[in-house]
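Participant: could you look at this predicted model? Sequence included:
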Amino acid sequence: MKTRATALIALSALALATGCTDADSGDGADAASPDGNPLAGSRLGAILDSGTLRVCTTGDYRPFTYLDPGTDEFTGIDVDMARDLADDMGVEIEWVQTSWDDLMEDFLAGCDIAAGGISISTARSEQVYFSAALMEDGKTPITLCENVDDYRTIEQINQPGVRSIMPSGGTNEIFAEEHYPEGELIRHDNNTIFDEIIAGNADVMTTDASETLWVANEHEELCAVHPDEPFDYFEKAFMLPLGDEVLKHYVDQWLNIALNDGTWDGIVEPWFGEDVEL
C-alpha cells in the first residue's frame, strides 16, 4: 500500500513540476513554491504533513454514507472508499458530519474531500473540482410494489394528490421541485424516509437509481420502478478543492486502481448483492 501511495505522490509531483497541469490558475498547487517542494502548494502536501484527511459527509444517505446513532460510526460505500484512500495515503480520517443544505459551505470551510453519493453538477463545479466518476446514476421512482404502474412517468407523479417525499437540500429536492409542481411535496428526515412510504404517509420518492436498488433489497414492500431507465443522467464522485490539480491527479489515479483491482467491487457487493452491477 505504501509503495502504491509513494508512486502516486511521485506522479502527482511530476505532473505539476513538468507543467502538465493548470494548478497555478486556481486555488491549488503552485509549481513555483518557495521551498521547491512541488506538493507545498497542494492540499495533498498538507494532508501528508498533518497525517489527517478531513472528509465531509452527511451520514444520512445509505448505502453511501450513514452515521449509526448506536455506535456513532460511519458506514457506507463512499465511507469505505474514503477509508481506502486514507490508507493509501498513509493517514488517518477526520470525519466532518454535514447536511445536504450545508455541504458546500462546510466543504469550503476546510474539508479535503467530500464523499457520500454526491452527484456531479455544473452548479457545484463552479465552486469545487470533482474526482473521476465512481459510478453512473439517474433519478428514478421508488414506491410500494403494488403501485409501480402508477408512478412510471413524471406526468403520473406530477399530479394533484400524489405525495412525493424527499429530504431537504440536495438534488432530490431540486428534481422534485422542478418536475412535480402540481403534486404534494413532503420533506422528511432522510434516514427514515422510506418508512413513510411503507406506512402510507407518502406515495413515492424520486431518488438515485442506485439508492432505489439498495432500498428494494432492504424492504420487500418497496420496488424500484425502472432503475435501468432513469429519468435523467449524472455521475457520482468525490468533491475536491477547486484548482488543486495535484490532489485531483492523486485521487483520480487511486480511484482508477480501486475501480479495477477489486476494491470497489468488494466494497459494493455487501450492499447490493452479487447480481447488481453499478
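Facilitator: Right, received. Where do you want to start?

Participant: list the contacts for Thr212?
Facilitator: 140-142, 224-225, 227 (CB atoms under 8 Å, 6 or more residues apart in numbering). For glycine as for every other residue, the C-beta is placed from the backbone atoms N, C-alpha and C.

Participant: not counting sequence-adjacent ones, nearest residue to it?
Facilitator: Nearest non-adjacent residue to Thr212, counting by CB to CB, 6 or more residues apart in numbering: Ala224, 3.6 Å away.

Participant: next, give me the two most distant ones among the contacts of Thr212.
Facilitator: Pro141 and Pro227 (9.5 Å; CB to CB).

Participant: and those two? Which one has more around it.
Facilitator: Higher neighbour count among Pro141 and Pro227: Pro141, with 28 against 20, using other CB atoms under 10 Å.

Participant: isn't that one up against Leu222?
Facilitator: No - taking contacts as CB atoms under 8 Å, Pro141 lies outside contact range of Leu222: 10.5 Å.

Participant: I'd say Asp84 and Leu255 touch.
Facilitator: No - at 9.6 Å, Asp84 does not count as touching Leu255 under the criterion of CB under 8 Å.

Participant: strands along the stretch 1-150 of the chain, start to end?
Facilitator: 52-57, 60-61, 65-68, 73-75, 92-97, 113-114, 128-130, 135-137, 139-144 (DSSP state E, counting those that start in this stretch).

Participant: what is the first one packed up against?
Facilitator: To tie it back to what came earlier, the one meant is strand 52-57. Under the contact criterion of 3 or more CB pairs under 8 Å, 6 or more residues apart in numbering; DSSP states H and E, strand 52-57 touches helix 77-89, strand 92-97, helix 103-108, strand 113-114.

Participant: quick one: Gly243 is in a helix?
Facilitator: No - going by DSSP: H, G, I helix; E, B strand; the rest coil, the assignment for Gly243 is coil, not a helix.

Participant: so what's Arg83 closest to, chain neighbours aside?
Facilitator: Nearest to Arg83 is Ile93, by CB to CB, 6+ apart, at 6.4 Å.

Participant: how far away is the one you found from Thr58?
Facilitator: Going from Ile93 to Thr58 by CB to CB, to the nearest Å gives 15 Å.

Participant: the more surrounded of those two?
Facilitator: Using other CB under 10 Å as the criterion, Ile93 and Thr58 rank with Thr58 on top: 27 against 20.
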